[in-house]
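1. Fold the following.
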Amino acid sequence: MNYRGGRYPPGIGNGRGGNVGGNPNIYARNPQQQQQYVQRNPVQGQHNQQQQWLRRHQLGNDSGTSEVMKSVQSASIDSSSQDWKAQLNVPPPDTRYKTEDVTATKGNEFEDYFLKRELLMGIYEKGFERPSPIQEESIPIALTGSDILARAKNGTGKTAAFCIPALEKIDQDNNVIQVAILVPTRELALQTSQVCKELGKHLRIQVMVTTGGTSLKDDIMRLYQPVHLLVATPGRVLDLAKKGVCILKDCSMLIMDEADKLLSPEFQPSVEQLIRFLPANRQILLFSATFPVTVKDFKDRYLAKPYVINLMDELTLKGITQYYAFVEERQKVHCLNTLFSKLQINQSIIFCNSVNRVELLAKKITELGYSCFYIHAKMLQDHRNRVFHDFRNGACRNLVCTDLFTRGIDIQAVNVVINFDFPKNAETYLHRVGRSGRYGHLGLAVNLITYEDRFNLYRIEQELGTEIKQIPPQIDQAVYCR
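-> Presented below is the predicted three-dimensional model:
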């Protein structure tokens, strides 16, 4: 790694993301300010330690200092060479076609952000090659300690955009909760904690996940052990904080994923109570694809001069082709059977508008001879976890579910989403179709539209500024399988 001394992390000051109010150092360009930044955010490892040693011992003359510094830097570069990279267990590169939702970057590398070597190892072994646009914008700003309000499309790398700076800022030797990540659903909590563990597998960071529907006693016992990073649903962590077993007075970073959902009437009271348990100088990061008016009110009350990132030049992912098929209610199952026989499905998610319809449709699909799981909020948590885990690991091709599964769930193999029941609003539609075409890959969304749905179809097209085309007799596989 070639650390370029004094260079400001990229993405600050001239990005697409807005500005940092009241922080003139963000735009600093003179060498003295840059040197201050590097000292505030020291590079990990031998290079930095040796520089500090030299400063402490104030070597005699300038020429001598210069020569020693050159030899130190040379040795540091040698020891920081690509040898460590060559020993990593990196997965094979993903050669699938990607859209500009994730490829339109500034060309930064993860090493440009002065991250710990052990964290870089986890990033590369996770298969991340270079930062996506939302990661380029978020990581350097989050590392400065600024509050962030970030909007980016589903499936463009938001989870790593906040997990990476969170893991970087944690002091492994201080056994207190330093970061809390709030998410709206249990499945998303499990998925996010797994990402944190994988990225931080070479660090000595303890990650805990706690959600409703699990044993409170087990969580209390776990909190007596060291925990650095907590991933949770709001109700459960508030319960633990009120009981005095979840201590958040040292939690300097609060991250809210799917923030619009967390700030809905269902969750907002719990979130606001929880913030009272945090220190006054905490950092708050909000991430979502959609930000309704409630978010602005929360931002004005709790975020100090937030850095606003908005990568939503359009709302739907470029790689998702959207079709509708006009059908009568009684024809829907027959139409679904036709789609199964004609489409090249890796894995599909099929959405219904109610729990009863999920179970009935799953039964019908099984009777037609196709493998099928189903999941909804009224199932026991253990059962939900097992279905989610097995589907994610490819044990079944089709999953029928309610909107429980629209938030943040990332299953790379899903290339087809079918709205068996058409949603009532644009926000739900956006999150549903965002389950396919993850991380810039191609995907297909097919909507079964009845006579009553036609007004919602038109309104959602207008609100999202997108076009949902009538389904052709033959769908070219190149639009969703490349």
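2. Ramachandran angles for G122?
-> The phi and psi values for G122, taken as degrees, to the nearest 10, are phi -70, psi -40.
3. Also Y324?
-> Per degrees, to the nearest 10, the backbone of Y324 is at phi -130, psi 150.
4. same deal with G127?
-> Backbone dihedrals for G127, given as degrees, to the nearest 10, come out at phi 100, psi 0.
5. So P91 versus L274, what's the distance?
-> 37 Å (Cβ to Cβ, to the nearest Å). (C-beta placed from N, C-alpha, C; glycine too.)
6. And those two? Which one has more around it.
-> L274 (23 against 11; other Cβ atoms under 10 Å).
7. per the record, what domains does the protein have?
-> The chain is divided into the following domains under automatic domain parsing: 96-310, 320-481.
8. so how far is the shortest one off the chain centroid?
-> Between the centre of domain 320-481 and the centre of its host chain there is 22 Å, according to Cα atoms, centre = their mean, to the nearest Å.
9. Comparing the domains of the chain, which comes out most buried?
-> The highest mean neighbour count among the domains of the chain, using mean count of other Cβ atoms under 10 Å, belongs to domain 96-310: a mean of 20.
10. Strands of the stretch 201-350 of the chain, residue ranges please.
-> Assigned by DSSP state E, counting those that start in this stretch, the strands in the stretch 201-350 of the chain fall at 207-210, 229-232, 253-257, 283-288, 307-310, 320-326, 347-351.
11. Just put those strands in a markdown table and tack on distance to M121.
-> Output for those, formatted as a markdown table (distance: least, Cβ to Cβ, whole Å):
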| stretch | distance to M121 |
| --- | --- |
| strand 207-210 | 17 |
| strand 229-232 | 18 |
| strand 253-257 | 22 |
| strand 283-288 | 24 |
| strand 307-310 | 27 |
| strand 320-326 | 33 |
| strand 347-351 | 30 |
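12. would you list those in JSON lines and tack on distance to E118 and mean pLDDT?
-> Shown next, in JSON lines, are those (distance: least, Cβ to Cβ, whole Å; pLDDT from 0 to 100):
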{"stretch": "strand 207-210", "distance to E118": "15", "mean pLDDT": "96"}
{"stretch": "strand 229-232", "distance to E118": "15", "mean pLDDT": "97"}
{"stretch": "strand 253-257", "distance to E118": "19", "mean pLDDT": "96"}
{"stretch": "strand 283-288", "distance to E118": "22", "mean pLDDT": "92"}
{"stretch": "strand 307-310", "distance to E118": "27", "mean pLDDT": "88"}
{"stretch": "strand 320-326", "distance to E118": "36", "mean pLDDT": "91"}
{"stretch": "strand 347-351", "distance to E118": "33", "mean pLDDT": "92"}
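13. quick one: which helix or strand includes the most centrally placed residue in the chain?
-> With the centre of the chain defined as its mean C-alpha position, the nearest residue by Cα atoms, centre = their mean is T159, 1.6 Å away. For T159, the host element (DSSP states H and E) is helix 158-169.
14. hmm, who's touching that helix?
-> Helix 158-169 has contacts (Cβ atoms under 8 Å, 6 or more residues apart in numbering) with 110, 113, 115-116, 119, 122-123, 128, 132, 134-135, 137-139, 142-143, 150, 152, 178-179, 181, 191-192, 195-196, 199-200, 203, 205, 229, 252-253, 255, 257, 285, 287, 408, 410.
15. what packs against the following helix or strand past it?
-> Note on helix 158-169: by DSSP H and E, the next helix or strand toward the C-terminus is strand 179-182. The contact analysis (3 or more Cβ pairs under 8 Å, 6 or more residues apart in numbering; DSSP states H and E) places strand 179-182 against helix 158-169, strand 229-232, helix 234-242, strand 253-257.
16. same question for the first one, mean pLDDT?
-> For helix 158-169, mean pLDDT is 94.
17. Could you do stretch 182-189 as well?
-> On average, stretch 182-189 scores 90.
18. same question, stretch 238-245
-> What stretch 238-245 shows for mean pLDDT is 95.
19. Then stretch 450-457?
-> Stretch 450-457 comes out at a mean pLDDT of 92.
20. measure that stretch end to end?
-> 10 Å (Cα to Cα, to the nearest Å).
21. which other residues reach that stretch?
-> Residues outside stretch 450-457 that contact it (Cβ under 8 Å, 6+ apart) are Y324, F326, V327, E328, E329, F422, P423, K424, N425, N447, I449, I468.
22. L448 contacts A325, correct?
-> Yes. Between L448 and A325 there is a contact under Cβ atoms under 8 Å: 5.7 Å.
23. okay, and the common contacts of these two?
-> Taking Cβ under 8 Å, 6+ apart as the criterion, L448 and A325 both touch C335.
24. What are the boundaries of the helices in the stretch 351-482 of the chain?
-> Along the stretch 351-482 of the chain, the segments classed as helices by DSSP state H, counting those that start in this stretch run 355-367, 381-392, 426-433, 454-464, 478-481.
25. ok, and what's touching the second one?
-> Which is helix 381-392. By Cβ under 8 Å, 6+ apart, helix 381-392 touches 186-187, 190, 211, 213-214, 347, 373-375, 379, 396, 399, 409, 411.
26. Quick check: which of these has the minimum pLDDT.
-> Where pLDDT dips furthest among the contacts of helix 381-392: I409, at 64.
27. hang on, the earlier thing: and the residue nearest to the centre of the chain, how far is that from A189?
-> Plainly put, T159 is 12 Å away from A189 if you go by Cβ to Cβ.
28. where does the chain dip in pLDDT?
-> Applying pLDDT under 70 to the chain flags residues 1-82, 94-105, 153-155, 292-294, 312-318, 405-410, 437-441, 479-482.
29. how close does the residue nearest to Y374 when sequence neighbours are not counted get to M379?
-> Spatially, and ignoring its direct neighbours in sequence, Y374 is nearest to A362 (3.8 Å; Cβ to Cβ, 6 or more residues apart in numbering). Using Cβ to Cβ, A362 is found at 12 Å from M379.
30. now K201
-> In terms of Cβ to Cβ, K201 sits 31 Å off from M379.
31. what's the farthest-apart pair in the contacts of helix 381-392?
-> Pairwise distances across the contacts of helix 381-392 (Cβ to Cβ) peak at 26.8 Å, for the pair T214 and Q347.
32. And for stretch 170-182, what's in contact with it?
-> Stretch 170-182 is contacted from outside by 162-163, 166, 169, 192, 196, 203-206, 226-234, 237, 246-248, 250-257, 262, 271, 274, 278, using Cβ under 8 Å, 6+ apart.
33. and that stretch, how far apart are its ends?
-> 17 Å.
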